[in-house]
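1. After the sequence you'll find the predicted model.
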Amino acid sequence: MGQKRTTISDVAREAGVSKATVSAVLNDKGTVRESTRDRVLEVMERLNYRPSSLAQRTGQPRTRSIGLLIKEAYNPFYSEIIASARERADRGGYTLLVASSEGDYDSERRIFELLRAKDVDGLLVNPVFDADTDLSPLFELKRRNFPLVLLEEIRGVRASLVDADHVDATRNAAKHLIDLGHTRIAHFMGPRYSMQSEQRVSGLRRAFSESSLIFRDDLVVPTGARLEDGYRSGKEVFGQRSGENRPTAVVCFNDLVAIGLTHALRELGLTVPGDVSVVGHDDIDLLNYLPLGLTTVHIPKRRMAELATELLIRHIESRQPVPPRKILVDTELRVRESTRPLREAAV
């Protein structure tokens, strides 16, 4: 027979306080002394206590569910994430609820509140994060011992994480171009609301530091994550530069940006890879239907989502605290027709 789930009475007894005090801590009332609050929170974490759901309190039947919060509904990258997470959730008896913040923090905060109101059992989160982000909604979830798995790292949030090593992935992409003889390599940087944007710039820096090339800040072009972002930056960079001022290769934040860039280059009369070598990131299914094979970093998206969902279900169903885990899936640079040796370096 399984161990019964910890109740508010268990927490109160272990912490030496009343159930009303535990309730006040849960509801963030200012009537509880800080030392008492800390003691109650420590007991909640140690006993793996979670507040009863509305359905449990009213005796109504409820559907077990998992929330998945993504950042970009338009991005095909997430279609594979959603499909795999849904398959794993279904096998575990959970319904998957999906919402997208579209990179907007206020939308993300409202979605957090909505999913909590819908009484989901746990959350998979691909969070919005920049220097101005208020992390209090995530800290509130952790304070309530709410099951949570991140799909992108956030410094300062102690939670399980399933992601890829984007620093090393971008390092390998840039090294591939350097090995082909390219010295003027630009990076079309992703949106400011993603930690991965910084990670991929760090990967580019690392590749340069391991070579004879000197990294310059003007090699990084603030771009975004959409097709139109890659197209716009491509027109600006390659329409305004020529000769030795023009990059011979570009490492893009993702495949959508790379596709937009190749379209801009074609309109400008430049060829890929004849004039410019292009590398993407993600290896989305759409690439299989393009006339030119795009060299890109393959992210095992389905495996990543399956691992994250399995880990979240373990957090949800465990009667004991589950220590946060950090899982980084392996990436692979898949070389196709969009990159070639620099003409000047060719023998």
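-> Thanks, I have it. Numbers count the residues shown, from 1 in each chain.
2. From here on, just use CA atoms for contacts and neighbour counts.
-> Will do.
3. is it fair to say Val167 lies in a helix?
-> Yes - applying DSSP: H, G, I helix; E, B strand; the rest coil, one finds Val167 inside a helix.
4. what number of residues lie near Leu47?
-> Leu47 has 19 neighbours, counted by other Cα atoms under 10 Å.
5. now swap in Ser233 and tell me
-> With other Cα under 10 Å as criterion, Ser233 counts 21.
6. What residues does it make contact with?
-> Phe188, Val221, Thr223, Leu261 (Cα atoms under 8 Å, 6 or more residues apart in numbering).
7. and it, what element?
-> helix 227-240 (DSSP states H and E).
8. buried sites along that helix?
-> Leu227, Glu228, Asp229, Gly230, Tyr231, Arg232, Ser233, Gly234, Lys235, Val237, Phe238 (16 or more other Cα atoms under 10 Å).
9. Between the residues you listed, which sits nearest Ala308?
-> If you rank these by distance to Ala308 using Cα to Cα, Leu227 comes first, at 27.7 Å.
10. separation between that closest one and Ile259?
-> To Ile259, Leu227 is 6 Å away according to Cα to Cα, to the nearest Å.
11. Just the ones of the contacts of Ser233 in strands?
-> Phe188, Val221 (DSSP state E).
12. Determine which two of the contacts of Ser233 are furthest apart.
-> The most widely separated members of the contacts of Ser233, counting by Cα to Cα, are Val221 and Leu261 (12.3 Å).
13. and these two? which has more neighbours close in?
-> Shown here are Val221 and Leu261; by other Cα under 10 Å, Leu261 has more neighbours (27 against 17).
14. phi, psi of the residue nearest in space to the middle of the chain?
-> The centroid of the chain falls nearest to Glu152 when counting by Cα atoms, centre = their mean (3.2 Å). Dihedral angles of Glu152 (phi, psi; degrees, to the nearest 10) stand at phi -160, psi 140.
15. Please verify my assumption that it contacts Met195.
-> Yes - between Glu152 and Met195 a contact is recorded at 7.3 Å, counting by Cα atoms under 8 Å.
16. ok, what's across the strand from the residue nearest to Val120 when sequence neighbours are not counted?
-> Nearest residue to Val120, sequence neighbours excluded (Cα to Cα, 6 or more residues apart in numbering): Ser65, at 5.0 Å. With DSSP bridges as the criterion, Ser65 is bridged to Thr95.
17. What confidence value was assigned to Ser65?
-> On pLDDT, Ser65 comes in at 93.
18. so what's it up against?
-> Contacts of Ser65 by Cα under 8 Å, 6+ apart are Tyr94, Thr95, Leu96, Leu97, Asp119, Val120, Asp121, Gly122.
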